[in-house]
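J.: Mind folding the following:
(chains A and B)
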Amino acid sequence: MKTNRNEKLNTESVRQLLNRSSARLDLRTLSRLRDVRTQVLARFDARSTAPVFVLAGSGHTTGSHRNQYYFALAILLAAFLYSGATYWQHAIEHEKSEVDIAILTDDLPIDAYVD
Amino acid sequence: MWIDGFLRRLIPLIIAALISLPAAAVADAWTELTPIQQEALAPLSKGWDALPKKQQQHFIGLAKHYPKLTTVQKERLHKRLEAWSKLTPEQRKRAREKYLALSKASPEKRAQVKQMLLEQQALKAAASSVPPAIPTP
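T.: Presented below is the predicted three-dimensional model:
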C-alpha cells in the first residue's frame, strides 16, 4: 500500500513536472517535438498497415511469418521427397513388370527359373 | 516476396494431390477392367477379386504389354499366368534374378544354360512321372 502511494505520488509529481516543463518550452522546441511526434506516428502507421501474413491470435508478426515460411518449405520438401519416392517405386514396378512379361513369354518354362 | 506467393499457391495443390492419392491406389474389380486387360489376364478372372490390390496393380501393368506380344507369346502368357500368380513373392523374386542373370550371359552361354535347364526339367518330370513342359519354339 505504502509503495503504491509512493508510486502514485511519484507519477503525479513527474506528470506535473513534465507539464510545467513543457509549458516553459520555447515555441521552436515545441514545434520540433511536434514534428518528431508526427514523423514517428506516420512511421508506426505505415508499419502496422503493411501486408504481412499474420496467424490469428499471434502477437509477433515477424516470428509467425518466419514460422509460416518454414512450414511451407517443410511441406514443399516433403512433397519433393514423396514424389521422388513414388517415382522410384513406379520405376521399380515398371522394371519388374518388364522382367515378368519376359519370363512369362520366354521359350523356357517358368519352372526353369523357379526353385 | 515472390516466394511467399508461390508457396501460398503451391500448398493447396500439394494438399489436393495428397488427398487424391488414395483413390488412385485402389485397384479395379474384374468387371471394371478394359477388354484388353480382361483378355490379357483371362486366366486370372476367377480369382481376380481375391487377389491383393498390389498384385492386381502389378498384373494390370503386365497387361499393358499384351497388345505388343505375338500369338505364340500370348499363348505362353495365358498358360503360365495362373501358375505365376500362385508363386510366393520370394519365388518370383528368385525367378527374376535367375532370368536377369541368364539374359546378361553371352548367347552361347545362354544356349548352354537353357539346354541344361531343359534337361533338369526333363529329369525332374521323369522323377515325378509327370510329362515335362516342352518349350514352344
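J.: Could you point out the longest helix of chain A?
T.: Longest helix in chain A by number of residues (criterion: DSSP state H): helix A:61-104.
J.: other SSEs contacting that helix?
T.: The helices and strands touching helix A:61-104, judged by 3 or more C-beta pairs under 8 Å, 6 or more residues apart in numbering or on different chains; DSSP states H and E, are helix B:2-25, helix B:53-63, helix B:71-86, helix B:89-104. Bear in mind the C-beta positions are built from the backbone N, C-alpha and C, glycine included.
J.: tilt between it and helix B:71-86?
T.: Between helix A:61-104 and helix B:71-86, the angle comes out at 120 degrees (axes from the mean of the first three to the mean of the last three C-alpha atoms, to 10 degrees).
J.: got the angle between helix A:61-104 and helix B:89-104?
T.: Relative orientation of helix A:61-104 with respect to helix B:89-104: 70 degrees, computed using the same axes, to 10 degrees.
J.: Only C-alpha atoms, please: export stretch B:38-53 in PDB.
T.: Presented in PDB, the C-alpha positions along stretch B:38-53 are these (Å, rounded to 0.1, in the frame of the first residue of the first chain):
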ATOM      1  CA  GLN B  38      -9.500 -58.800 -69.400                       C
ATOM      2  CA  GLU B  39      -8.200 -60.700 -72.500                       C
ATOM      3  CA  ALA B  40      -4.600 -60.500 -71.300                       C
ATOM      4  CA  LEU B  41      -5.500 -61.500 -67.700                       C
ATOM      5  CA  ALA B  42      -8.200 -64.000 -68.600                       C
ATOM      6  CA  PRO B  43      -6.700 -67.000 -66.700                       C
ATOM      7  CA  LEU B  44      -6.900 -64.900 -63.500                       C
ATOM      8  CA  SER B  45     -10.600 -63.900 -64.000                       C
ATOM      9  CA  LYS B  46     -11.900 -66.400 -61.400                       C
ATOM     10  CA  GLY B  47      -9.700 -65.400 -58.500                       C
ATOM     11  CA  TRP B  48      -9.100 -61.800 -59.600                       C
ATOM     12  CA  ASP B  49     -11.200 -60.100 -56.900                       C
ATOM     13  CA  ALA B  50      -9.500 -62.200 -54.200                       C
ATOM     14  CA  LEU B  51      -6.000 -61.100 -55.200                       C
ATOM     15  CA  PRO B  52      -4.200 -58.400 -53.100                       C
ATOM     16  CA  LYS B  53      -4.600 -54.900 -54.500                       C
END
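J.: any idea of the mean pLDDT in that stretch?
T.: Mean pLDDT, computed over stretch B:38-53, is 92.
J.: ditto for stretch A:78-95
T.: Averaged across stretch A:78-95, the pLDDT comes to 93.
J.: to the chain's geometric centre, what's the distance from that stretch?
T.: Going by C-alpha atoms, centre = their mean, to the nearest Å, the spacing between the C-alpha centre of stretch A:78-95 and its chain's C-alpha centre is 31 Å.
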